[in-house]
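Asks: Provided below for reference: sequence and predicted model.
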Amino acid sequence: MRRTTSVSETPGSEKPGSERSIGERPGNPSAGVATATRGTVATGGVEATGTGAVTTGGAATPTAPTYQQPHQPLLTVEALQTHFELRQWGFLRVGSVRAVDGVSFTLDHGESATIVGESGCGKSSLARTLLGLHRPTAGRVTFAGTDLATLRGRALKAYRAAVGYVQQDPYGALPPFMKIRRILEEPLIVHGVGTRRAREERIAAALEEVGLEPAHETWQKFPHQLSGGQQQRVVIARALLLRPKLIIADEPVSMLDASVRAEILELLRTIQRQHRLALLYITHDLSTVRHYAHRAMVMYAGRIVEQGPVERLLDRPHHPYTRALLAALVDPDAANAHQQRPIPAGEPPSLLHPPSGCRFHPRCPAIMVGRCEHFDPEEAHPRPGHRVACWLHSR
Amino acid sequence: MSAPALLEIADLRLSYRTESGAVRAVDGVNLELQRNEALVVLGESGCGKSSLAKTLLRLLPRNAVAPEGVVRLDGEDILGYSEERFRREVRWVRIALVMQAAMNALNPVIRVGEQVAEPLRIHRGWSRRRALERAAEAFSEVGIATDFLSRYPHELSGGMRQRAVIAMALVTEPDIVLLDEPTSALDVLTQAAIMNVLKRIKAERGMSFILITHDVATSSELADRVALMYAGQIVEEAAAERFFTAPAHPYSQMLMAAVPKLHQQQPPRPIPGRPPSLLDPPAGCRFAARCPQRIDRCSEAPPSTTLAPRHRSRCWLHAGGKR
């Protein structure tokens, strides 16, 4: 029966009692006006996004206001929910997959954060919601002071230029029948960047920046003529072309060899520092986060269960799930072969029917019966900046 | 020295015919595997490690040139076997394979139990009933509830499918299980759970494993011995303790430094450069172009040198002056 179900997005699908649900339905044309009450933004334009002198229209609204307030984060995510409606035979509602279910965090200008979680925990849905590819069911995403749901037309286009995306599978992300040059020129044409010559210069600069010199040789090639690491460099170059403020990298190295992983992560870090970009690095592999992010967020079953500075999270994890993830990871050591690793029983829950209370309770080795399975854990703050959603710590 | 090896590979060579010439994927590999030993073949993608696995099981594509060299299983050269004899006596009877992304290779329209039981019905001629009973045992061995026997592959999670494929490799009780990147598409916890299963089976059943992977950290979960492959050749072969703490070959050392580690304070150091093309590999040491310890001698091919019992390295630094 279930086999005939199909997935469709549910913009604004009702969720009674969803916490802090912030009014707008993304499809509502009046939403733009409604959110302007937040004060800083009057017109729905994202800042010109530094597309620079060569920008000839498209991106920038000449009257775009400056809304750089002193301590305003670049990205604010509040109680975000992205649910996908499951329908049977295309019309019978079966339920919703609650891929992102109440996620809140902020990201500052030039800050790099990582989201860690297993497959199916909703981390890619979160990324795609932030990219504007899924509409949030509830909650709000604010980018440089502007509510994402209010963006239309040019402002939306400008937002897309301001947020670069690095996909997981570089080969799948590059059209196989186009030469690199054509692939990289496309976004520049779409966003109306200058003359052919200006575009070429920018492509060459981007290719050089990701270490694919000489550019005029690289851009003659087709994606299959490049190695996996080189392909991922092209994807990164493409994400940089429109001079974004934020790069979202969804598992950028999971398809690559161990020795190439370090290279690509190093490249992302260098670029992030040089351009003072914000970076959201999404991964399932905690061993790759220490040197490449300031802050880490651990996601489980659609929610962030723990977040804090990377070092603190890795060295003093508080949530039982974070601890389990860290205990499952090994550094190369011959002794590993002779010991069983402690693994929490069971598998991640279905997001169609997530467990009540704390979502980790069915697998949690430290479950407090009578509390964890009934009540959503309150967030505890063991230290400033370190937040844990677990009853062990909130009492 | 020790007991005769269960599997002995000597000077194995395999190439593929392509439009641009012969690709020498496996180029003179020597290895040996003892009983109840787990050997890890480590290497970056394109180094020929999967070709090595395919050669051992004779699952080669059409453009492969017949392999040269010697592969002895319990002293018998199985490379010389006819196709039919190999199928009857070796493949899945004595050497079973867990392929890369095997969890997606299950037939979607046949119940999982039937698929796991199939090798027994074919190779041993067992009745369906008896084979299914054995499949149920294999299921519990790898930690899947036996009621999943009658499910279809899509009803199982990725981790469970991978366990089912491992069960399929175990049912015929082969001497050697060859695992080609068995966990690379899985999550950390699932990965660790599957490695737990393999460790337990190795301890309980005394099976031998060849694990082929690019993931250094995961490889240490099973390895007794490590063979590092680069551009079609084994550059170092050593006991796991030795390899993970004090590798000898410059490539081994750089690879260990390039691996992101959870508890390491300094960031990983990438290895500059790329592996050479297998179409036209350099005449000398294949790692020379990327090697910081390169000497003049490196333009000649280094011999494989024994540094200690069962510890070999293919590097002029260790071969010294002798040829």
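Replies: That came through, no problem.

Asks: from residue A:225, how far out is residue B:219?
Replies: Distance, residue B:219 to residue A:225, by CB to CB, to the nearest Å: 30 Å. Any C-beta I mention is one placed from the backbone N, CA and C, and that applies to glycine too.

Asks: these two: who's more crowded?
Replies: Under the neighbour definition other CB atoms under 10 Å in any protein chain shown, residue B:219 and residue A:225 were set side by side, and residue B:219 has more, 27 against 12.

Asks: now do the contacts for the more buried one.
Replies: Residue B:219 is in contact with A:332, B:40, B:42, B:211, B:213, B:226, counting by CB atoms under 8 Å, 6 or more residues apart in numbering or on different chains.

Asks: contacting residues for the closest residue to it other than its chain neighbours?
Replies: Among residues not flanking residue B:219 along the chain, residue B:40 sits closest, at 4.3 Å (CB to CB, 6 or more residues apart in numbering or on different chains). The contact partners of residue B:40, by CB under 8 Å, 6+ apart, come to B:210-213, B:219, B:222-223, B:225-227, B:240.

Asks: can you list which of those residues are found in strands?
Replies: B:210-213, B:225-227 (DSSP state E).

Asks: what sits against the residue nearest the centre of chain B?
Replies: Nearest residue to the geometric centre of chain B (CA atoms, centre = their mean): residue B:212, 2.8 Å. Shown in contact with residue B:212 (CB under 8 Å, 6+ apart): B:40-41, B:49-50, B:52-53, B:178-181.

Asks: swap in residue A:390?
Replies: For residue A:390, the contact set (CB under 8 Å, 6+ apart) comprises A:305-306, A:318-320, A:358, A:377, A:380.

Asks: the closest residue to chain B within the stretch 51-200 of chain A: neighbour count?
Replies: Relative to chain B, the nearest point of the stretch 51-200 of chain A is residue A:118 (4.1 Å; CB to the nearest CB). Neighbour count for residue A:118, taken as other CB under 10 Å: 19.

Asks: assign a three-state SS to it, would you?
Replies: Assigned by DSSP: H, G, I helix; E, B strand; the rest coil, the conformation of residue A:118 is coil.

Asks: and the nearest residue to it once chain neighbours are set aside, what does it touch?
Replies: Spatial nearest neighbour of residue A:118, chain neighbours left out: residue B:187 (4.1 Å); criterion: CB to CB, 6+ apart. Taking CB under 8 Å, 6+ apart as the criterion, residue B:187 is in contact with A:118-119, A:284, B:159.

Asks: near chain A at all, stretch B:159-174?
Replies: Yes: on the criterion CB under 8 Å from any CB of the partner chain, stretch B:159-174 is in touch with chain A at residue B:159.

Asks: next one: that stretch to chain centre, how far?
Replies: On the basis of CA atoms, centre = their mean, to the nearest Å, stretch B:159-174 sits 16 Å off its chain's mean C-alpha point.

Asks: for it, give the mean pLDDT please.
Replies: Across stretch B:159-174, pLDDT averages out at 92.

Asks: do the same with stretch B:70-90
Replies: On average, the pLDDT along stretch B:70-90 is 93.

Asks: and it, how far out from the chain's middle?
Replies: 18 Å.

Asks: buried set for that stretch?
Replies: Neighbour-count burial for stretch B:70-90 flags B:71-73, B:78-79, B:81, B:86, B:90 (criterion: 16 or more other CB atoms under 10 Å in any protein chain shown).

Asks: what's the answer for stretch A:248-258, then?
Replies: A:248-258.

Asks: next: stretch A:200-212.
Replies: In stretch A:200-212, counting by 16+ other CB under 10 Å, buried: A:200, A:202-204, A:206-207, A:209-210, A:212.

Asks: kindly reformat those as JSON lines and extend each row with pLDDT.
Replies: JSON lines is the format used below for the buried residues of stretch A:200-212 (pLDDT from 0 to 100):
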{"residue": "A:200", "pLDDT": "94"}
{"residue": "A:202", "pLDDT": "94"}
{"residue": "A:203", "pLDDT": "95"}
{"residue": "A:204", "pLDDT": "95"}
{"residue": "A:206", "pLDDT": "95"}
{"residue": "A:207", "pLDDT": "95"}
{"residue": "A:209", "pLDDT": "94"}
{"residue": "A:210", "pLDDT": "94"}
{"residue": "A:212", "pLDDT": "91"}
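
Asks: make JSON lines from these and add secondary structure to it.
Replies: Shown next, in JSON lines, are the buried residues of stretch A:200-212 (three-state DSSP):
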{"residue": "A:200", "secondary structure": "helix"}
{"residue": "A:202", "secondary structure": "helix"}
{"residue": "A:203", "secondary structure": "helix"}
{"residue": "A:204", "secondary structure": "helix"}
{"residue": "A:206", "secondary structure": "helix"}
{"residue": "A:207", "secondary structure": "helix"}
{"residue": "A:209", "secondary structure": "helix"}
{"residue": "A:210", "secondary structure": "coil"}
{"residue": "A:212", "secondary structure": "coil"}
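
Asks: just the closest of the residues you listed to chain B, please.
Replies: residue A:212 (12.2 Å).

Asks: max-length strand in chain A?
Replies: Criterion DSSP E: the longest strand present in chain A is strand A:92-107.

Asks: same for that strand, what does it pack against?
Replies: Counting contacts by 3 or more CB pairs under 8 Å, 6 or more residues apart in numbering or on different chains; DSSP states H and E, strand A:92-107 packs against strand A:75-88, helix A:123-130, strand A:138-143, strand A:303-309.

Asks: any idea which of these gets closest to residue B:302?
Replies: Residue B:302 lies closest, by CB to CB, to one member of the helices and strands packed on strand A:92-107: helix A:123-130, at 45.6 Å.

Asks: how far does that closest one sit from the chain's center?
Replies: Distance of helix A:123-130 from the chain centroid (CA atoms, centre = their mean) equals 5 Å.

Asks: show me where the chain has strands.
Replies: Since you didn't name a chain, this refers to chain A. A:5-9, A:75-88, A:92-107, A:112-116, A:138-143, A:146-147, A:163-166, A:246-250, A:278-283, A:295-300, A:303-309, A:379-383, A:386-389.

Asks: switch to chain B, please.
Replies: Counting by DSSP E, chain B has strands at residues B:7-18, B:21-33, B:38-42, B:68-73, B:76-77, B:95-98, B:176-180, B:208-213, B:225-230, B:233-239, B:305-308, B:311-313.

Asks: could you list the residues of chain A in contact with chain B?
Replies: Checking chain A against chain B by CB under 8 Å from any CB, the hits are A:118-119, A:227-228, A:257-263, A:265-266, A:284-288, A:290-291, A:314, A:324-326, A:328-334, A:336-341, A:343-344, A:347.

Asks: what subset of those residues is buried?
Replies: For those, a burial check counting by 16+ other CB under 10 Å picks out A:118-119, A:227-228, A:257-263, A:265-266, A:284-288, A:290-291, A:314, A:324-326, A:328-334, A:336-337, A:341, A:343-344, A:347.

Asks: how about the residues of the stretch 201-323 of chain B that lie near chain A?
Replies: The stretch 201-323 of chain B has residues B:214-224, B:239-241, B:243-245, B:254-256, B:258-264, B:267-271, B:274 near chain A, with proximity defined as CB under 8 Å from any CB.
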